[in-house]
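Asker: How does the following fold in three dimensions:
(2 chains)
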Amino acid sequence: MRVEVAVRASSCWGAWSQGFVETDLGADLRVRSGAELPRPDRYPAGNWRRMSRLARLCALATEPIISVIAPTEIGSLSLFFGSMAGEYSTGVAFLHTLFQKGPAGASPLLFQNAVHNAPSAHFTIALGATGPVETVAAGLDTAFSTLERAMLAVNLRGTPALVVIAEECGPEIQKGLVFANMKGVFTEGAAAFLLEPGRGLWLDDQLKGPLNMDEFGAGPASDAARVDAAVRALSGVSGSRFRVCAG
Amino acid sequence: MRLQVSRWGALTALGADFEAICEGRSGFVADETWDSAWLAPIALRTGVPRNLALALNALHGLDVEARDLAVVVATTTGGMVEGELAIEEVFFGRVPHRPPDYYWNTLLHHLADAIAAHFGATGPRLVVSTACTSGTAAIGIAADYVRSGRAKRALVVGVDALCKTTVFGFRSLGVYTRQGCRPFDRLRDGMGIGEAAGWLLVEPWETSSKIELLGVGLSSDAQHLTAPDPLGAGLERAIRVALGGTALERVDHVNAHATGTLQNDAAEAAVLKRILPDAAVSATKGATGHTLGAAGVIEAVFTIESMLREVIPPVVGLQQPLEVAVSDRLRGRHQRVALSLNLAFGGHNAAVAFARADR
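Answerer: Numbering: from 1, shown residues only, chains lettered A, B, ... in the order given. A predicted model of the protein is given here:
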């Protein structure tokens, strides 16, 4: 099996710990999330206020790419959103309103934002994107599994796909990861790719089993550069390793 | 490449037998421990997280070649049942007494990892969580894994257990039923959450195959975070994509999403009336409750069983039908092609189409 697509554009936002003032997980977990995120004009202020931090990260990562999507492509654009922890922090916040105020006080806004696909929903509404949406998770392999899934779809459907990978990684997630004896620093960030039929990014002929970035290759140099920047961001997001080959 | 669904199964509040669905029984019961919400908990004896327990109980007895087997799991809650306990302990200042992998197992992906490990599957694994369209989307991903050669076969598992987040979340939105779910009924007042697990095995077509997986269609309304497009334009697109080159006139049966909420059922009825006026329509959430991430898979199983048995399950709770072809009969026709539909938070729509090989 060899799957190959072209990378028309890529971008990332805030990977490598932007938004955290302290990431020393060996200390007392005083990880404070976030710097305030700037609102793109595409999102009305009222909508922006109702969006979770994860959804805002996704919006900011995709904003530079939107300009290279033709209006005629919006209807057939596939969207693939991947996140390991997704809206876990929002889910915790919802439960806090439930525990604190009882069923009558549980927050409907936090509940509707707690579903894994909420960030992609905000995006489709803002862009008017009416194509297929898949929101997935695969643990520490989330970034690569999402990318692979999108590559298969681009090959089979012959239409462009927007891939967004994001982690908010707030204090609740940090605590859980440390409690689970996970090693490494997990930070917030988001990366986005616009894939289309063509050549540039491929999956290995002999690819079998759970995905590892070692099975990805990229070339020629221009594509490699695009992939390199975003994949490096992804590596920071997911904590996984990667390799990019310029060919 | 033509694909088949070779084997399947479902475990709901009514058990694992499709007969209960055909008989019009309901799994809804009043449960005062959940503040009088209408629930249908399944009795399980196991020491693993509840979603995994549900899935493994549904999969019990399945023997499948593990080499190049993909595992695609649909769920909205992951391990949240257990996660809620830990979050509640911390919230009220109690010291959590949990094993170290406890938090890790509350995340979505642990289900796919655990099910893949259970079978020794060596293919790709993925969790899809697109709210209530998760199950149908998972079938589409499985089909693509097999079509592309990424896997020889793909096991699709849909599972969601009851938890406080979903029950009280839907209540906070004001869409939770007080009377029990009544799909497509003029007096419907909302959904009721159930729990379930279902599975399908997607493989390349063989001469002995009985059920063909024609296709899966997905779309977005791009209008509202929780409410569907009243005209159902996105759902119509999903249906047409799922059918591919198959004419709408060949569709004999539609298993509708039909949650029993005012907006969902009205939008769905509008689409069915517009493009599938002659198809028999079934809706099973009055029997099983809305099983969220599992719904797409268990309802695909019901659709397949319905095709093979030539029956249309009755719509439990239906007394005063909307103007839609809800029917418990096929008017003498065989089921050649059938659809299962799902709509979700985020304005996502999904349809999966099956055909009987001998029709």
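
Asker: Just the buried positions in the helix or strand hosting A:E148, please.
Answerer: Following DSSP states H and E, one finds A:E148 within helix A:142-157. By neighbour count on 16 or more other C-beta atoms under 10 Å in any protein chain shown, the buried set for helix A:142-157 is A:142-155, A:157. Backbone N, C-alpha and C define where each C-beta goes, glycine included.

Asker: And for stretch B:99-106?
Answerer: For stretch B:99-106, burial by neighbour count (16+ other C-beta under 10 Å) applies to B:102-106.

Asker: tell me which of the residues you listed is nearest to A:Y43?
Answerer: A:Y43 has its nearest neighbour among the buried residues of stretch B:99-106 in B:T106, at 30.3 Å by C-beta to C-beta.

Asker: The buried residues of stretch B:99-106 in strands, which ones?
Answerer: Nothing among these maps onto strands, per DSSP state E.

Asker: TSV for those, including distance to chain A?
Answerer: Output for those, formatted as TSV (distance: C-beta to the nearest C-beta, whole Å):
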residue	distance to chain A
B:Y102	7
B:Y103	3
B:W104	4
B:N105	9
B:T106	7
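
Asker: Can you flag which of the residues you listed belong to helices?
Answerer: Members of those lying in helices (criterion: DSSP state H): none.

Asker: And those, which is closest to A:V133?
Answerer: Closest to A:V133, out of all of the buried residues of stretch B:99-106 and judged by C-beta to C-beta, is B:T106, at 24.2 Å.

Asker: dump the residue contacts of that closest one.
Answerer: Contact analysis of B:T106 by C-beta atoms under 8 Å, 6 or more residues apart in numbering or on different chains lists A:88, A:176, B:78-80, B:82-83, B:86.

Asker: same question, B:L231
Answerer: B:267, B:270-271.

Asker: just curious, which of those is nearest to B:A295?
Answerer: B:A267 (16.5 Å).

Asker: Tell me which helix or strand the closest one sits in.
Answerer: Using DSSP H and E, B:A267 falls in helix B:262-275.

Asker: export that helix as PDB, just CAs?
Answerer: Extracted C-alpha coordinates of helix B:262-275, given in PDB (Å, rounded to 0.1, in the frame of the first residue of the first chain):
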ATOM      1  CA  LEU B 262     -39.000  18.200  18.700                       C
ATOM      2  CA  GLN B 263     -36.300  19.500  16.300                       C
ATOM      3  CA  ASN B 264     -34.600  16.300  15.200                       C
ATOM      4  CA  ASP B 265     -37.700  14.400  14.400                       C
ATOM      5  CA  ALA B 266     -39.200  17.300  12.500                       C
ATOM      6  CA  ALA B 267     -36.100  17.800  10.300                       C
ATOM      7  CA  GLU B 268     -35.700  14.100   9.700                       C
ATOM      8  CA  ALA B 269     -39.400  13.700   8.800                       C
ATOM      9  CA  ALA B 270     -39.100  16.600   6.300                       C
ATOM     10  CA  VAL B 271     -36.300  14.800   4.500                       C
ATOM     11  CA  LEU B 272     -38.000  11.400   4.500                       C
ATOM     12  CA  LYS B 273     -41.200  12.900   3.200                       C
ATOM     13  CA  ARG B 274     -39.300  14.800   0.500                       C
ATOM     14  CA  ILE B 275     -37.000  12.200  -1.000                       C
END
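
Asker: Could you check how far it is from the centre of its chain?
Answerer: 19 Å (C-alpha atoms, centre = their mean, to the nearest Å).

Asker: Can you spell out which helices and strands pack onto the next helix or strand along the chain from that helix?
Answerer: Next in sequence after helix B:262-275, counting helices and strands by DSSP H and E, comes strand B:280-282. Helices and strands touching strand B:280-282, by 3 or more C-beta pairs under 8 Å, 6 or more residues apart in numbering or on different chains; DSSP states H and E, are strand B:251-255.

Asker: Is there proximity between the lengthiest strand in chain A and chain B?
Answerer: Once chain A is assigned using DSSP E, the strand that runs over the most residues is strand A:3-13. Yes - on the criterion C-beta under 8 Å from any C-beta of the partner chain, strand A:3-13 is in touch with chain B at A:V3.

Asker: Helices of chain A, start to end?
Answerer: A:45-50, A:53-66, A:88-101, A:108-113, A:118-127, A:142-157, A:171-179, A:221-238.

Asker: Kindly report which one of those helices carries the lowest mean pLDDT.
Answerer: The minimum mean pLDDT among the helices of chain A belongs to helix A:221-238 (a mean of 47).

Asker: Count the neighbours of B:T46 for me.
Answerer: Residues contacting B:T46 under the criterion other C-beta atoms under 10 Å in any protein chain shown number 11.

Asker: Let me know the pLDDT of it.
Answerer: 70.

Asker: and it, what helix or strand is that in?
Answerer: Going by DSSP H and E, B:T46 is not in any helix or strand.
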